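A.B. asks: Sequence and predicted structure, then a few things I'm wondering about:
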Amino acid sequence: MSTLTLPHGILSMPPHPSAPPAHHPGEPLLLDYAGGALGEGASLAIATHLALCPACRHTVREMEAAGGALLEELEPEPLEPGGLERLLARLDEAPAEPPRRLPPSIQTGAPFLPPFLPEPLRGRLARLWRGGPGEGDLSGLPWRRSMPGLAYVNIPTNGGARTRLLRLQGGSALPEHTHHGIELALVLRGGFSDEFHQFLPGDIGVGDDAVTHRPVADPEGCLCLSVADGEIRMTGSIGRFLNRFIRV
Ligand SMILES: [Zn+2]
């Protein structure tokens, strides 16, 4: 394993204009996240997106409030097709209860990491830190080289997902590919584009086996969290979601 010295350009870039993210996980994934149905890697990506996305934090809070309210009214057997729609239809009616889960927030711990990295990803990377020549960059992480223009750091997670911090040099392209299960790509710095969309910091791309694409890093490069999980699929399961409340 070799330490890769990274050009610092992408790290010293000013933050992207503070537009909120434009690409979100979508309600089924947020519901799986809230219900604890995702593996550790996918949960890490969703939770890190939540730290950057007020809209999705709001949605998860409302799901939790609606889930608690719905439980009090549901008959024992109503977890059937249509349950998700009914839950989502109730969101506007949900009482304004305090959230059961504290919203993730951008932390300032681990000062050797760049300030734009939010929790919970920040804490995971801090555990992998090996010391480096400079503070505020990513050179102390155990980078590995892959194809030209691509370096990555493996982030150990339970559940079988391949969880990586990826750095693509500007203009580098990944080979055209499709996905088995779900693949999440959360942009942290820079950006990438495929045939369909452009993804900027805070945006999360969700790929599945219906999507074949060829992502290309924007000219300034791209730093992203990539989670590829060949086994877990989105369920949007209202049953699993409500089970979380039953166990509490
Ligand atoms: Zn979002």
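C.D. replies: Sure, I can see it.
A.B. asks: which strands and helices sit next to the helix or strand hosting Leu223?
C.D. replies: In the assignment (DSSP states H and E), Leu223 maps to strand 216-229. With contacts taken as 3 or more CB pairs under 8 Å, 6 or more residues apart in numbering; DSSP states H and E, strand 216-229 sits against helix 9-12, helix 40-52, strand 162-168, strand 182-193. The C-beta positions use only the backbone N, C-alpha and C, and glycine is treated the same way.
A.B. asks: Dump these into JSON lines; add distance to the ion, mean neighbour count and mean pLDDT as well.
C.D. replies: As requested, the helices and strands packed on strand 216-229 are exported to JSON lines (distance: least, CB to the ion, whole Å; neighbours: other CB atoms under 10 Å; pLDDT from 0 to 100):
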{"stretch": "helix 9-12", "distance to the ion": "23", "mean neighbour count": "16", "mean pLDDT": "55"}
{"stretch": "helix 40-52", "distance to the ion": "6", "mean neighbour count": "24", "mean pLDDT": "94"}
{"stretch": "strand 162-168", "distance to the ion": "19", "mean neighbour count": "22", "mean pLDDT": "93"}
{"stretch": "strand 182-193", "distance to the ion": "10", "mean neighbour count": "23", "mean pLDDT": "92"}
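A.B. asks: Any idea which of these gets closest to Ala22?
C.D. replies: strand 182-193 (10.6 Å; CB to CB).
A.B. asks: Helices along the chain, start to end?
C.D. replies: Under the criterion DSSP state H, the chain carries helices at the ranges 9-12, 27-34, 40-52, 54-73, 83-89, 121-128, 238-247.
A.B. asks: Spell out which parts of this protein neighbour the ion.
C.D. replies: Contact residues (CB under 5 Å from the ion) of the chain with the ion: His24, Cys53, Cys56.
A.B. asks: Kindly recompute the last result at 6 Å.
C.D. replies: Proximity of the chain to the ion, by CB under 6 Å from the ion, involves residues Pro21, His24, His49, Cys53, Ala55, Cys56.
A.B. asks: List buried residues within the residues you listed.
C.D. replies: Buried residues within these, counting neighbours by 16 or more other CB atoms under 10 Å: Pro21, His24, His49, Cys53, Cys56.
A.B. asks: and of these, the nearest to Arg122?
C.D. replies: Nearest to Arg122 out of those is His49 (CB to CB; 13.7 Å).
A.B. asks: Name the nearest residue to that closest one, sequence neighbours excluded.
C.D. replies: In space, and not counting its chain neighbours, His49 is closest to Ile204: 4.7 Å by CB to CB, 6 or more residues apart in numbering.
A.B. asks: is it true that the one you found touches Pro25?
C.D. replies: Yes - at 5.5 Å, Ile204 and Pro25 qualify as touching, with contact defined as CB atoms under 8 Å.
A.B. asks: Tell me the confidence at the residue nearest to His49?
C.D. replies: In this model, Ile204 is scored at 95, pLDDT.
A.B. asks: measure Asn154 to the ion for me?
C.D. replies: Applying CB to the ion, to the nearest Å, the value for Asn154 to the ion is 26 Å.
A.B. asks: again, but for Met147
C.D. replies: Counting by CB to the ion - Met147 and the ion are separated by 30 Å.
A.B. asks: for Pro156, same thing?
C.D. replies: In this view, Pro156 and the ion are 26 Å apart by CB to the ion.
A.B. asks: What is the neighbour count of Glu119?
C.D. replies: 18 (other CB atoms under 10 Å).
A.B. asks: typo on my end, it should be Ala228
C.D. replies: With other CB under 10 Å as criterion, Ala228 counts 19.
A.B. asks: roughly how far apart are it and the ion?
C.D. replies: 20 Å.
A.B. asks: before we move on, what about Gly170?
C.D. replies: 26 Å.
A.B. asks: Kindly report the same for Gly39.
C.D. replies: Computed as CB to the ion, the Gly39 to the ion distance reads 19 Å.
A.B. asks: hang on, that residue packs against Gly160?
C.D. replies: Yes - between Gly39 and Gly160 there is a contact at 6.7 Å, judged by CB under 8 Å.
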